[in-house]
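Chemist: Task: produce atomic coordinates for the following.
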Amino acid sequence: MKTQTMEWIAAGKRQRQQRWLMITGSLVLLAILLCGAMLLLGHTIYPVFDVIRVLLGEQIQGATFAIQTIRLPRMLSGLFAGFAFGIAGNTFQTMLRNPLANPNVIGITTGSSAAAVFCIIILQASNTIVSIASVAGGLITVLLLYIFSRTKRSSFSIGRLILVGIGIQAMLNAVISYLLLVGGEQDIPAALRWLSGSLNGIRVEDVTPLIMAVLICAPIVVLFGKHLSILELGEQTATTLGVHTDQARMALILSSVCMIALATAVTGPIAFVAFLAGPIAKRLVGVGFSNAIPAGLVGVNLVLGADLMGQFAFEVRYPVGIITGMIGAPYLIYLLIRMNQKGDL
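Modeler: Model (predicted):
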């Protein structure tokens, strides 16, 4: 009987592993196809072989400028920003055991946005300064969230964190509105375009810090993926199982905030990607394995797919953040209704 039970457990694990590999592979394939479409499509549709030749360094009149200067930075920013938003949003939702506890809702993205808008409008700073300020703004917001989320008994409260985060987000949105009111006329269009979440006008050098952040921080999140799953069981259970909760939580938070802040600095706060990626990945992959990488890939596909839709599906071209907002807002309403029915609100 014991042997048969062990065989059932092993068979179930193999089945979940095969599902994880199949879903992750499918998401990778879809991301590759969308990246290819980003490079091929535009005012002029270039053949695949011309795109490959340009990427290999060959000069082709017209195609070289369009692909290297416009389409490649746009694709890279969507690829790495989508992965950053997806994996970081999933980290916060899993660690805090609440789908509402994502960087968009609890104010982390807004903190990065407020710092970046201040640099754009008031200081008229360079992209490097904007990136540094965005990271600093996100970290300060996390610190404020942690301080105000502690109860009188010095215990950490997830429900209080979400409420405090919503309040901080409202305050920071007011700050952003004030900055737009006092800003110069020449700076406001750029700030508004950035706030809507857009891949327009991004240069390769702008994406470099984001690429480095994702390559450094994403492996840390994946490495702590096992601890993240245990943290989802609760503070006491995680401590009982031998997890150093403070160290694990600090590593996960710092890595996630760094990716979110730099992604926000490059593309602006693309709406609802961090909110949608984790639940979609969890529904696709199921339980038993970490869905950090699938969540990042879902984020990639959401950003790239929404950007292509915004460019070609309508008569007027819309920034990617408008399209993801149209997708994410109904899901947020559905989630709130569902949580209210379950008594989670």
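
Chemist: Using CSV, list the CA coordinates for the helix or strand encompassing residue 254.
Modeler: Residue 254 is located in helix 245-267, with elements delineated by DSSP states H and E. Provided in CSV are the C-alpha atoms of helix 245-267 (Å, rounded to 0.1, in the frame of the first residue of the first chain):
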residue,chain,number,x,y,z
THR,A,245,11.5,34.7,6.6
ASP,A,246,13.0,38.2,7.0
GLN,A,247,16.0,37.4,4.8
ALA,A,248,13.9,35.7,2.1
ARG,A,249,11.3,38.5,2.1
MET,A,250,14.0,41.2,1.9
ALA,A,251,15.8,39.5,-1.0
LEU,A,252,12.5,39.0,-2.9
ILE,A,253,11.2,42.6,-2.2
LEU,A,254,14.5,44.3,-3.1
SER,A,255,14.9,42.3,-6.3
SER,A,256,11.3,42.8,-7.4
VAL,A,257,11.3,46.6,-6.6
CYS,A,258,14.5,47.1,-8.5
MET,A,259,13.0,45.4,-11.6
ILE,A,260,9.6,47.2,-11.3
ALA,A,261,11.3,50.6,-10.8
LEU,A,262,13.6,50.3,-13.7
ALA,A,263,10.9,49.0,-16.0
THR,A,264,8.7,51.9,-14.9
ALA,A,265,11.6,54.3,-15.7
VAL,A,266,11.9,53.0,-19.2
THR,A,267,8.3,52.4,-20.3
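
Chemist: and whichever helix or strand comes after that helix, what does it pack onto?
Modeler: Next along the chain after helix 245-267, taking DSSP H and E as the criterion, comes helix 273-285. Packing partners of helix 273-285 (3 or more CB pairs under 8 Å, 6 or more residues apart in numbering; DSSP states H and E): helix 2-40, helix 72-95, helix 292-312, helix 320-342. For glycine as for every other residue, the C-beta is placed from the backbone atoms N, C-alpha and C.

Chemist: Next, the buried residues of helix 273-285.
Modeler: Residues of helix 273-285 classed as buried by neighbour count (16 or more other CB atoms under 10 Å): 273-282, 284-285.

Chemist: distance between the ends of stretch 171-191?
Modeler: End-to-end distance of stretch 171-191: 18 Å, with CA to CA, to the nearest Å as the criterion.

Chemist: which residues sit against that stretch?
Modeler: Residues from elsewhere that reach stretch 171-191 (CB atoms under 8 Å, 6 or more residues apart in numbering): 107, 110-111, 113-114, 117-118, 120-122, 124, 141, 192, 195.

Chemist: Just say helix, strand or coil for residue 44.
Modeler: Assigned state for residue 44: coil (three-state reduction, DSSP: H, G, I helix; E, B strand; the rest coil).
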